[in-house]
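Chemist: sequence? don't have it. structure:
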Ligand SMILES: [Zn+2]
């Protein structure tokens, strides 16, 4: 990939990272504010734990995305950016424009999605 293209994707990734980091920080501040507000209001407990659950789910998704963004930034540093981590073909730039933190090409991704369901079943049976 050309240097100027790399720079372009690098700045996209840095923006995404800043966005996620900002959201997480904001969420934490909100949580603190809420707790102070509701300190004496025990009747609100159920609603509050629902809020917390929702927030927890969101943070996990954001966390995963953040990890992907960081991996992609490392790849830019190592000049490995833009190739599929599985089959090592170049990921189309059109795909990277939409998802600059994509680790795999669409073919590998759909293969993994297909493969992952039977594996999951085997795992579940073993656990039983
Ligand atoms: Zn691939």
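Modeler: Looks like it arrived, so ask away. The shown structure was predicted, so the numbers you read here are calculated from the model rather than taken from an experiment.
Chemist: Compute the first-to-last residue distance for stretch 86-98.
Modeler: 20 Å (Cα to Cα, to the nearest Å).
Chemist: Start and end of stretch 95-109, how far apart?
Modeler: Across stretch 95-109, the terminal residues are separated by 12 Å (Cα to Cα).
Chemist: what sits up against that stretch?
Modeler: Here stretch 95-109 makes contact (Cβ atoms under 8 Å, 6 or more residues apart in numbering) with 9, 12-13, 16, 65, 68-69, 71-72, 82, 84-87, 89, 91-92, 112. Heads up, the C-betas are built off the backbone N, CA and C, glycines and all.
Chemist: Please list the residues of the protein that sit near the ion.
Modeler: Within reach of the ion by Cβ under 5 Å from the ion, the chain has these residues: 84, 86-87, 105, 108.
Chemist: Pick out the most distant pair among those.
Modeler: Spanning the widest gap among those are 86 and 105, at 7.5 Å by Cβ to Cβ.
Chemist: more crowded one of those two?
Modeler: Legend: neighbour count by other Cβ atoms under 10 Å for residue 86 and residue 105, higher for residue 105 (20 against 14).
Chemist: For that one, grab phi and psi.
Modeler: Dihedral pair for residue 105: phi -70, psi 160, per degrees, to the nearest 10.
Chemist: Show me the strands in this structure, by range?
Modeler: Counting by DSSP state E, the chain forms no strands at all.
Chemist: lowest average confidence, helix or strand, in it?
Modeler: When the helices and strands of the chain are scored by mean pLDDT, DSSP states H and E, helix 106-127 comes last with a mean of 71.
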